[in-house]
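Colleague: Quick check, what structure comes out for this input:
(one chain, ligands or ions: 1)
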Amino acid sequence: MKKTIDDLAVRGGEPAFSEILHVGRPNIADRKRLLERMNDILDRRWLTNGGIYVQEFERKIAHMIGVKHCIAMCNGTMALEIAIRALGLTGEVIIPSFTFIATAHALQWQEIAPVFCDIDPEIFTIDPDKIEQMITPKTTGIIGVHVWGRVCDTDALTNIAKDYNLRLLFDAAHAFACSHKGQMIGGFGDAEIFSFHATKFFNTFEGGAVATNNDELAAKIRLMKNFGFSGKDNVIHIGTNGKMTEISAAMGLSSLESLDEFIAVNYQNYKHYQRELNDIPGVTLVSYDENEASNYQYIVLVIDENVTGISRDRLVDILHAENVIARRYFYPGCHQMEPYRSYFPHAGLLLPRTEQLVKKVMSLPTGTTIGESEIAEICCILRIAVADRSKI
Ligand SMILES: *Cc1c(COP(=O)(O)O)cnc(C)c1O
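Modeller: As a prediction, the model looks like this:
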């Protein structure tokens, strides 16, 4: 463990870790069980197109989160694109800028303009109080994002959507296995989408899903993700190819069997970080409501430079030198990325909280490949850096 500022790698010391620690290193479930399933898939020679593993995966997820329909997809972005299209969104859709770029791209890809809304100062999800002023005659929907698994104000968003006759979709890519007011994420709004990308705590290599209680919408999404096929030679709708493969579903079923274990490890890591960080002034760990189900998959720090006296970016560099690849999730905000930066050069004027937050956040490694000793070391580096900041 490092003792003084001179032990830090940026001052010439040895890096704390010989192996690189990443944010979003995949969790891998029981390998034997996964390989059995994979062998079975190869034996059956049914590799995709709604095979038994995809069907079982959809059934188990729908049951677990208590929704009528789960439609598995090849990735979360495709799930978003198809849900957006199936809901008939056009014109303008209001979303937070503080999200992964896929939320905006899934709209713009279909020539729908994302209209960026600022965030709530506490939860960091889209601020319902700022939405009404962004509604125009072209607005057709709202997409809330449950950032880091912290859930949007679903009641307020539902009311606005009802009052203005807008569709309401949730990007729940971070919020699989989370709950809100005791109800599992998946059943809010018209639909919710998940990502099961390798970097999410629960993965299917690549994958995603749409969850909804709306029968008609579910039927339409099922058609759209398979070229509009209804039966063998009968195409009844425009569609694309959003199908999940059997191998991905096999990974998903195995990951489901380890879901509780993944969450328990994330929770333990979160508690270790909480304990280790509480004596570093100006460094706040983003918290989760322990009365709700949470996946605890993101360890996020908010750095208040006025108190730490050292910037978020400098702390990220210091950690990188130690082989801890901390990430600035999300930075610099969708409105500062192309093509949105060129389309809406003044979007930032309406996003003061987003512009503040993107300068302050950093994500640290967690998941099944790290534990108490690594966390103690990472926090020790931060503690030394903040305490002796004048020397670095
Ligand atoms: C990961 C992610 C997506 C995209 O999911 P993919 O499965 O990678 O396509 C969308 N939105 C958010 C908020 C994400 O974090």
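Colleague: which parts of the stretch 1-150 of the chain sit against the ligand?
Modeller: 75-77, 99-100, 102-103, 145 (C-beta under 6 Å from any ligand atom). All C-beta atoms are positioned from the backbone trio N, CA, C, and that covers glycine.
Colleague: and L42, that's in a strand?
Modeller: No. Counting by DSSP: H, G, I helix; E, B strand; the rest coil, L42 is not found in a strand; it is helix.
Colleague: how much space between it and F17?
Modeller: The gap separating L42 from F17 is 38 Å, by C-beta to C-beta, to the nearest Å.
Colleague: do the same with G252
Modeller: 31 Å.
Colleague: now the helices: where do they sit in the stretch 101-250 of the chain?
Modeller: Under the criterion DSSP state H, counting those that start in this stretch, the stretch 101-250 of the chain contains helices at 101-108, 128-131, 154-164, 215-224, 246-257.
Colleague: Minimum distance to K32: which of those has it?
Modeller: helix 246-257 (9.4 Å; C-beta to C-beta).
Colleague: quick one on the thing from earlier: now that we have the residues of the stretch 1-150 of the chain next to the ligand, which of them are buried?
Modeller: 75-77, 99-100, 102-103, 145 (16 or more other C-beta atoms under 10 Å).
Colleague: top strand in this structure by residue count?
Modeller: strand 139-145 (DSSP state E).
Colleague: angle of that one against helix 101-108?
Modeller: 160 degrees (axes from the mean of the first three to the mean of the last three C-alpha atoms, to 10 degrees).
Colleague: next one: strand 139-145 to chain centre, how far?
Modeller: Centre-to-centre, strand 139-145 and its host chain are 17 Å apart (C-alpha atoms, centre = their mean, to the nearest Å).
Colleague: now do stretch 91-111
Modeller: That offset, for stretch 91-111, works out to 14 Å (C-alpha atoms, centre = their mean).
Colleague: swap in stretch 267-277?
Modeller: That offset, for stretch 267-277, works out to 20 Å (C-alpha atoms, centre = their mean).
Colleague: Give the rounded mean pLDDT of that stretch.
Modeller: On average, the pLDDT along stretch 267-277 is 98.
Colleague: just stretch 354-370 next, same as before
Modeller: On average, stretch 354-370 scores 98.
Colleague: if we can go back for a sec, looking at L42 and F17, which is more packed in?
Modeller: F17 (16 against 12; other C-beta atoms under 10 Å).
Colleague: ok, and the closest non-adjacent residue to the more buried one?
Modeller: N323 (4.2 Å; C-beta to C-beta, 6 or more residues apart in numbering).
Colleague: so that neighbour makes contact with I20?
Modeller: Yes. N323 is within contact range of I20, at 4.8 Å (criterion: C-beta atoms under 8 Å).
Colleague: What are the neighbouring residues in contact with the one residue in the chain that gets nearest to the ligand?
Modeller: Closest approach between the chain and the ligand, counting by C-beta to the nearest ligand atom: G76, at 2.6 Å. Neighbour list for G76: 102, 173, 193-197, 207-208 [criterion: C-beta atoms under 8 Å, 6 or more residues apart in numbering].
Colleague: where's the nearest residue to it once chain neighbours are set aside relative to K225, distance?
Modeller: If the residues on either side of it in the chain are set aside, G76 comes closest to S195, at 2.8 Å by C-beta to C-beta, 6+ apart. As judged by C-beta to C-beta, S195 and K225 stand 15 Å apart.
Colleague: who has more neighbours, those two?
Modeller: Per other C-beta under 10 Å, whichever of S195 and K225 has more neighbours is S195, with 29 against 26.
Colleague: That one reaches A173, doesn't it?
Modeller: Yes. Using C-beta under 8 Å, S195 is in contact with A173, at 3.8 Å.
Colleague: Identify the contacts common to the two.
Modeller: Joint contacts of S195 and A173 (C-beta under 8 Å, 6+ apart) are 76, 208.
Colleague: coming back round to it: can you go through the contacts of G76 and name the buried ones?
Modeller: 102, 173, 193-197, 207-208.
Colleague: Now tabulate these in JSON lines and tack on pLDDT.
Modeller: Below are those laid out as JSON lines (pLDDT from 0 to 100):
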{"residue": "A102", "pLDDT": "98"}
{"residue": "A173", "pLDDT": "98"}
{"residue": "I193", "pLDDT": "98"}
{"residue": "F194", "pLDDT": "98"}
{"residue": "S195", "pLDDT": "98"}
{"residue": "F196", "pLDDT": "98"}
{"residue": "H197", "pLDDT": "98"}
{"residue": "G207", "pLDDT": "98"}
{"residue": "G208", "pLDDT": "98"}
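Colleague: could the residues you listed go into a markdown table alongside distance to N165?
Modeller: Output for the buried ones among the contacts of G76, formatted as a markdown table (distance: C-beta to C-beta, whole Å):
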| residue | distance to N165 |
| --- | --- |
| A102 | 26 |
| A173 | 26 |
| I193 | 22 |
| F194 | 26 |
| S195 | 29 |
| F196 | 32 |
| H197 | 33 |
| G207 | 33 |
| G208 | 28 |
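Colleague: Many thanks, we can stop here.
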